[in-house]
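Asker: Sequence below, structure please.
(one chain, ligands or ions: 2)
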Amino acid sequence: MNEGQIEQVELLTDEESMAATIAMRSKLDSSGLKNVNRQTMIGIAGRLLEMIKEGRPTMASGFMEVDTSIYSDPALYEAEKRAIFDRFPFVAGLSRDVEKPGDYLNTSDFGTPIIVTRNKEGVIKAYVNSCRHRGAALVYDASGNTGAGFTCPYHGWSYNLDGKLLGITCNSSFGAVDKSDHGLIEVQAEERHGLIFVGSKPGVTFDLDEFLGAELNQELPHWGFDKVQASKAAPIPLDGNWKLSLEAFLETYHFDYAHRDNLAHFYYGNVADLTMMGRHIRLSLPHLTIDELPTTQVDDWVPENHITLAYILFPGTILINSPQVLEFFQIVPVSPGKSIVRHACYARMDLSVPGNAEMFEMTWQSAHSIVQRQDLPYGVTTAHAAIKDGAMPKFLFGANELALQHMHGMIREALADTVS
Ligand code: FES
Ligand SMILES: [Fe+2]
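Answerer: Residues are numbered from 1 along each chain as shown. Ligands and ions are numbered 1, 2, ... in the order given. Alright, predicted model coming up:
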């Protein structure tokens, strides 16, 4: 994610968002998703066609009630940071965001200031963004290229891309200090399936095989996250707890109401195929055009032209796939009552084809506008305003809001694991 590229996103009206979607659909071309697992997609399409008849998504066994103090309790917030954000990796960006040696991302989203970079051998590395002399940050921009290494702007100490301390200015003043013992402090980072996973601070370790699980590990490569092109990105700061921000992405029950003048013209609301993949979720949404599939032989189906498929990686990375773009959302906790939704859009289409760059721009703006104008005010800021002082004691998650129930279950499980 390179948030430096866009500071202000012009918000589109519903009519403009509709026009963007219609233009995009007219150029629908699944060639950007060559490797999608056909059997999986046919299976999802079949289940969605059945669910459309019943007008429902994959269901939970019943409704769930939650006490709204879980969104405002400062002690619980601190416990969540320890049990979740200091235990599981976050996705700092995509491989293309740190494409060449010396490219870097600079993030403090999860507390510790971290530089994510790529070394000369092409391996992703992450360090605390702090010089070993007296702690000054080494990089200040959100992203960039640092060349062959880092030079501290304060007193000029230098490091290579492997974090090794190369030079101490006025060396004689530091006598016996051992350079080999004063390299940058490393944070665990690993690149997989085109995504860059990073621990929130030194000492946070993770095992991606265990974290993703076998099924998701096999499925993610099909989506070509390592092949996406240009990106647009912007953060959305919110007065609302991080779990409310996450919930805003977990159901389509709201489509016919909140998005009645845009998305509801293209999607079946309250219909979705959900597969729980350990802590994570695969959420597949049918377009209205999925009705065309049964009029042809299954062998001729191109399900990905009629289904938008999202992965929600625990706790807060959302990857929404269509043939043309990847929409990326990252939920960032800031305090009990504040969070950030980082939104980035990556192109899958060939932007050198005339018209595609404009279409990409419109698609990005449209998604950003819908989320900012509709999802987040309803789901996050107005909801949080009512719960923060206890005026609204309970929330309900319907049986048709299975993904919310699952995520809250996973959060509770992580908290219980840490306590025990
Ligand atoms: S703090 Fe970096 S050289 Fe002094
Ligand atoms: Fe929405």
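
Asker: Quick check: residues of the stretch 1-150 of the chain near ligand 1?
Answerer: By Cβ under 6 Å from any ligand atom, the residues of the stretch 1-150 of the chain that approach ligand 1 are 131, 133, 134, 135, 136. Placement of C-beta: from N, CA and C, glycine included.

Asker: try it again with 5 Å
Answerer: By Cβ under 5 Å from any ligand atom, the residues of the stretch 1-150 of the chain that approach ligand 1 are 131, 133, 134, 136.

Asker: out of those, which are buried?
Answerer: 131, 133 (16 or more other Cβ atoms under 10 Å).

Asker: for the residues of the stretch 1-150 of the chain next to ligand 1, which one is nearest residue 201?
Answerer: residue 131 (17.0 Å; Cβ to Cβ).

Asker: Going by the annotation, which residue ranges form each domain of this structure?
Answerer: With domains defined by automatic domain parsing, the chain comprises 3-80+209-419, 91-205.

Asker: Mean pLDDT added to the ones you listed, as CSV?
Answerer: Below are those laid out as CSV (pLDDT from 0 to 100):
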stretch, mean pLDDT
domain 3-80+209-419, 92
domain 91-205, 97
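
Asker: hang on, the earlier thing: include secondary structure when you put the residues of the stretch 1-150 of the chain next to ligand 1 into JSON lines, please.
Answerer: Output for these, formatted as JSON lines (DSSP: H, G, I helix; E, B strand; the rest coil):
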{"residue": "131", "secondary structure": "coil"}
{"residue": "133", "secondary structure": "coil"}
{"residue": "134", "secondary structure": "coil"}
{"residue": "136", "secondary structure": "coil"}
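
Asker: before we move on, which element is residue 39 in?
Answerer: helix 38-54 (DSSP states H and E).

Asker: got it, and residue 159?
Answerer: Going by DSSP H and E, residue 159 is in strand 158-160.

Asker: ok, the nearest residue to residue 272 once chain neighbours are set aside - how many residues close by?
Answerer: Nearest residue to residue 272 in three dimensions, chain neighbours excluded: residue 57, at 4.0 Å (Cβ to Cβ, 6 or more residues apart in numbering). Residue 57 has 28 neighbouring residues, counting by other Cβ atoms under 10 Å.

Asker: My read is that residue 57 contacts residue 270, right?
Answerer: Yes. Contact status for residue 57 versus residue 270: in contact at 6.3 Å, counting by Cβ atoms under 8 Å.

Asker: Could you pull out the residues contacting both of the two?
Answerer: 252, 253, 400 (Cβ atoms under 8 Å, 6 or more residues apart in numbering).

Asker: Restricted to strands, list these.
Answerer: Judged by DSSP state E, strands contain none of these.

Asker: can you list these in TSV and add distance to residue 363 and neighbour count?
Answerer: As requested, those are exported to TSV (distance: Cβ to Cβ, whole Å; neighbours: other Cβ atoms under 10 Å):
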residue	distance to residue 363	neighbour count
252	19	23
253	24	19
400	28	20
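
Asker: Understood, closing this out.
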